[in-house]
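A.B. asks: This is a predicted model, with the sequence first.
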Amino acid sequence: MRPYPARQTFHCDLAVLPSGRVAGGVTVEVDGGSIIGITEGAPARSHAQRLPGLVVPGLANAHSHAFHRALRGRTQAPTGGRGSFWTWRELMYSVAERLTPDSYLTLARAVYAEMALAGITTVGEFHYLHHDTDGRAYDDPNTMGHALVQAARDAGLRIALLDTCYLAGGFDQPLEGVQRRFDDGSAQRWAERATDLATAYDDAADVVVGAAIHSVRAVPVDHLAPVADWAAARAAPLHMHLSEQRAENDACRERHGVTPTRLLHDHGALGPRSSAVHATHLVADDIARLADTATSVCLCPTTERDLADGIGPSIELRNAGVDLTLGSDSHAVIDLFEEARGVELDSRLATQARGHFAGAALLATATAGHARLGFPAAGRLEVGAPADLVAVRLDSVRTSGALPETALDTVVFAATAADVTDVVAGGRHVVEAGRHVLGDVGLLLRNAIHALV
Ligand SMILES: [Zn+2]
């Protein structure tokens with residue numbers, strides 16, 4: 001990443017302030033990667049870099065599996081028939097078994113550059129591809145994790161590496177085949193490796209090492225608390241897949257007599273640093289437990305659609321006071337505007353009523369992930385925040401005709417990632433006029449993916 005000047009001035013034609021209000025003529029002063037001044041209603045200064053369209057804060061992709069990007073377009077009818085989550089998973093494993101540290105670095109770098117082009121400035125990488133193809137640890141057991149951090153840095157993103165404990169192939173089922181790459185053997189050995197990884201980035205402002213419980217299917221019940229304890233001791237984020245599929249709920253009830261949410265609660269895995277991913281199939285008691293513990297929920301609408309998971313109870317969660325964040329998860333697309341409006345539009349289909357989430361609230365879901373990934377100051381255009389500025393053009397065929405007073409709704413309900421022209425991430429101008437500093441990201445993706453599939 002090329003160096004950047006310490007002091008910079010950006011002039012935004014229109015910008016979304018923390019209140020959700022759109023202000024005109026906003027000047028943002030930046031020093032050392034942080035915002036040190038914001039004034040509105042001022043003419044552009046001659047030395048200012050102009051950011052056109054509507055400037056929104058950097059977006060947070062709170063749930064990513066970078067290698068799933070290689071599956072895009074290849075899983076729509078995998079068996080010649082309808083396919084399911086489980087047939088999709090088999091194809092996903094076929095990519096997982098080919099990845100090496102070098103090829104994963106190359107792929108993840110391109111995927112994170114695609115994210116930067118979409119206005120994402122922090123990624124939460126839910127990482128479980130830890131070990132070599134035969135299940136043995138690399139000489140440095142965190143080789144894969146280091147590759148992902150390097151990829152994010154090359155692409156200009158902050159990363160929360162959510163180091164995932166993954167010990168079983170299902171309730172009372174061993175890991176098999178490629179799944180052995182995920183296996184640390186026990187939560188204790190997972191914790192030892194995760195500690196080494198976290199220690200390596202203790203002083204890094206752009207990296208958070210958090211914990212993840214893959215799911216109640218994949219972490220036997222006796223190993224849940226040790227992972228939660230590790231995250232608590234380090235005040236680190238703790239993420240987990242939760243109730244994405246009804247089959248997981250049924251199996252959990254059969255094995256433990258309770259829902260996955262209740263099981264996680266009983267073993268100390270819910271709390272204000274915890275994020276439950278999907279949370280699609282919940283009962284009222286689950287929602288109350290998530291709310292009472294201040295656990296957030298990361299919705300992934302485009303993946304949930306793609307995998308036919310169902311429509312989650314986003315209205316009920318919001319009404320209960322649960323913070324909502326967004327993730328592109330399987331990367332069926334990487335477009336947080338599509339994820340954000342999906343929360344509202346899917347709710348409309350489910351309820352046959354409109355107006356559950358306003359545009360400003362939906363944009364807030366696209367920025368709330370920074371805090372839940374361990375970067376609490378990011379995601380707002382205010383003094384003291386990291387200088388994360390995303391310019392969305394208002395003159396494309398999708399957005400043209402926007403008015404200042406409704407520009408935010410135009411962006412949330414009609415813009416796509418392709419309308420992002422400029423991205424400043426921590427003061428670095430990583431996307432300028434639609435071009436990423438790494439060059440042709442489409443070509444980088446093609447080369448990385450064709451080497452694997
Ligand atoms: Zn996931």
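C.D. replies: Looks like it came in fine. Residues are numbered from 1 along each chain as shown.

A.B. asks: Show me the shaky parts of the stretch 151-300 of the chain.
C.D. replies: Within the stretch 151-300 of the chain, not a single segment meets pLDDT under 70.

A.B. asks: just the stretch 1-150 of the chain next, same as before
C.D. replies: 1-5, 77-82.

A.B. asks: In it, what residue spans correspond to helices?
C.D. replies: 85-96, 101-117, 143-155 (DSSP state H, counting those that start in this stretch).

A.B. asks: Would you mind getting the angle between the shortest one and helix 101-117?
C.D. replies: Calculated by axes from the mean of the first three to the mean of the last three CA atoms, to 10 degrees, helix 85-96 forms an angle of 120 degrees with helix 101-117.

A.B. asks: hmm, who's touching helix 85-96?
C.D. replies: 67-68, 70-71, 74-75, 78-79, 129, 177-179, 181, 244-245, 307-309, 330, 452-453 (CB atoms under 8 Å, 6 or more residues apart in numbering). No exception for glycine: its C-beta is placed from N, CA and C like everyone else's.

A.B. asks: follow-up on the earlier one: including mean neighbour count and distance to G53, could the helices of the stretch 1-150 of the chain go into a markdown table?
C.D. replies: Listed next are the helices of the stretch 1-150 of the chain as a markdown table, based on neighbours: other CB atoms under 10 Å; distance: least, CB to CB, whole Å:
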| stretch | mean neighbour count | distance to G53 |
| --- | --- | --- |
| helix 85-96 | 16 | 36 |
| helix 101-117 | 24 | 15 |
| helix 143-155 | 22 | 22 |
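
A.B. asks: Tell me which of the ones you listed sits nearest to I315.
C.D. replies: helix 85-96 (23.8 Å; CB to CB).

A.B. asks: then that closest one to PDB, C-alphas only?
C.D. replies: Taking C-alpha atoms only, helix 85-96 is exported to PDB below (Å, rounded to 0.1, in the frame of the first residue of the first chain):
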ATOM      1  CA  PHE A  85     -27.600 -25.800   1.500                       C
ATOM      2  CA  TRP A  86     -26.000 -29.200   1.900                       C
ATOM      3  CA  THR A  87     -25.200 -29.800  -1.800                       C
ATOM      4  CA  TRP A  88     -23.800 -26.300  -1.900                       C
ATOM      5  CA  ARG A  89     -21.600 -27.200   1.100                       C
ATOM      6  CA  GLU A  90     -20.100 -30.100  -0.800                       C
ATOM      7  CA  LEU A  91     -19.000 -27.800  -3.600                       C
ATOM      8  CA  MET A  92     -17.600 -25.400  -1.100                       C
ATOM      9  CA  TYR A  93     -15.600 -28.200   0.400                       C
ATOM     10  CA  SER A  94     -14.100 -29.000  -3.000                       C
ATOM     11  CA  VAL A  95     -12.600 -25.600  -3.200                       C
ATOM     12  CA  ALA A  96     -11.500 -25.700   0.500                       C
END
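
A.B. asks: Work out the gap between it and the centre of the chain.
C.D. replies: Mean C-alpha position of helix 85-96 versus that of the full chain (CA atoms, centre = their mean, to the nearest Å) differs by 20 Å.

A.B. asks: any idea how far Q245 is from F67?
C.D. replies: Remark: distance between Q245 and F67 (CB to CB, to the nearest Å) = 21 Å.

A.B. asks: Between the two, tell me which one has more neighbours.
C.D. replies: F67 (24 against 21; other CB atoms under 10 Å).

A.B. asks: That one and L105 touch, don't they?
C.D. replies: No: with contact defined as CB atoms under 8 Å, F67 does not count as touching L105 (11.2 Å).

A.B. asks: Ok, which of the helices of the stretch 1-150 of the chain comes nearest R273?
C.D. replies: helix 143-155 (19.6 Å).

A.B. asks: got a list of contacts for that closest one?
C.D. replies: Residues external to helix 143-155 that are found in contact with it (CB under 8 Å, 6+ apart): 1, 66, 101-102, 104-105, 108-109, 111-113, 115-116, 123, 125, 127, 129-131, 138, 140, 158-159, 161, 163, 197, 200-201, 206-207, 209, 430, 436, 438.

A.B. asks: For that helix, output the C-alpha coordinates as CSV.
C.D. replies: Extracted in CSV, the C-alpha atoms of helix 143-155 (Å, rounded to 0.1, in the frame of the first residue of the first chain):
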residue,chain,number,x,y,z
THR,A,143,0.1,-19.5,8.3
MET,A,144,-3.4,-19.3,6.8
GLY,A,145,-4.5,-16.6,9.3
HIS,A,146,-1.4,-14.5,8.5
ALA,A,147,-2.2,-14.8,4.8
LEU,A,148,-5.7,-13.4,5.4
VAL,A,149,-4.3,-10.5,7.4
GLN,A,150,-1.8,-9.8,4.6
ALA,A,151,-4.6,-10.0,2.0
ALA,A,152,-6.6,-7.4,3.9
ARG,A,153,-3.7,-5.1,4.3
ASP,A,154,-2.8,-5.3,0.6
ALA,A,155,-6.4,-4.4,-0.3
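
A.B. asks: How many residues are close by H47?
C.D. replies: 9.

A.B. asks: do the same with V423
C.D. replies: 29.

A.B. asks: With D285 instead?
C.D. replies: Residues near D285, counting by other CB under 10 Å: 13.

A.B. asks: same question, G355
C.D. replies: The number of residues packed around G355, counting by other CB under 10 Å, is 8.

A.B. asks: For it, give me phi and psi.
C.D. replies: Dihedral pair for G355: phi 80, psi 40, per degrees, to the nearest 10.

A.B. asks: That one and R348: what is the separation?
C.D. replies: 8 Å.

A.B. asks: What about the closest residue to L162 other than its chain neighbours, how many residues nearby?
C.D. replies: Nearest residue to L162 in three dimensions, chain neighbours excluded: A212, at 4.1 Å (CB to CB, 6 or more residues apart in numbering). A212 is flanked by 29 other residues according to other CB under 10 Å.

A.B. asks: got the contact list for the closest residue to H267 other than its chain neighbours?
C.D. replies: Excluding the flanking residues, the one nearest H267 by CB to CB, 6+ apart is L224, at 3.8 Å. Contact analysis of L224 by CB under 8 Å, 6+ apart lists A187, I213, V216, L263, L264, H267, G268, A269.
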